[in-house]
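Visitor: take a look and give me a structure for this.
(one chain, ligands or ions: 2)
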Amino acid sequence: MELKNTLKLDLIELPPEGARLYGEVSFEDLQIEEEPRFFFTKPVSYELRLQPCGGQNVLLLGELQAEINLICDRCGKPGSMKLPADKVCHQYENAYGKYIDLTNDIREDILIVFPQKALCDRNCRGLCPKCGQDLNLEECECGVDAETQGELHNPWQGLDALQLE
Ligand SMILES: [Zn+2]
Ligand SMILES: [Zn+2]
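Guide: Numbering: from 1, shown residues only. Ligands and ions are numbered 1, 2, ... in the order given. Reported below is the predicted structural model:
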C-alpha cells in the first residue's frame, strides 16, 4: 500500500507490512507562513511509514526534509538553509475506520526544527558595525569584531561605535 502526495487518509486497516507515504507537501498546505526573513520556494519532502502497532493503533515513522530561503540576520544577503533532517514519530490510537489527517503533526515536526535565527551560513561574520563592510568578503580597517571583541577589552568600544554613526 502506497500513498503519494497526500497526508489525509481514510484508514480502513493496515496490512501487516504497513503503508508507505511519500511525496511532497507545500509550506502553505502545512500552514506555515512566510515572514520577511524566511520564505519558501521548495516544498517539504517526506518519506514515511504507517505501521500497525497492536490493537487498532498505528505508528507513523519516517523522515522529513526541507530547505528554506532566508535573508541573513547578520549580513542582509539572501541565502538558504536545509532544516535538520527530522525524525517523525507519532502514534494514533484506535485509528482503524477513521479519517486521519497527518498534516498537523508534520507541521509541528517542521516547526520544532525551524531556526530561530536566519543565517546565510552558521559562521556568517556579518557587517562591520562601524563601516558596514561585509566581513565575509573582506576585513575592514576598523578592527571591530562584532562577535568576539569589544566589551572584554574596552567597555566603551560599543558606545564609541554608536556615537560615530
Ligand atoms: Zn550572512
Ligand atoms: Zn569596518
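Visitor: report the central residue of this protein.
Guide: In the chain, the residue lying closest to the centroid (C-alpha atoms, centre = their mean) is residue 114, at 3.2 Å.
Visitor: correct me if wrong, but residue 59 is in a strand.
Guide: Yes: counting by DSSP: H, G, I helix; E, B strand; the rest coil, residue 59 is located in a strand.
Visitor: what bridges to it?
Guide: Taking DSSP bridges as the rule, residue 59 bridges to residue 51, residue 91.
Visitor: please apply the same query to residue 22.
Guide: residue 4, residue 47.
Visitor: contacting residues around residue 136?
Guide: 75, 121, 124-126 (C-beta atoms under 8 Å, 6 or more residues apart in numbering). Quick note: C-beta positions are derived from backbone N, CA and C, even for glycine.
Visitor: tell me the two of those residues that are most distant?
Guide: The distance between the two most remote of the contacts of residue 136 (C-beta to C-beta) is 10.5 Å, for 121 and 126.
Visitor: shared neighbours of the two, which are they?
Guide: Contacts common to residue 121 and residue 126, judged by C-beta under 8 Å, 6+ apart, are 72, 136.
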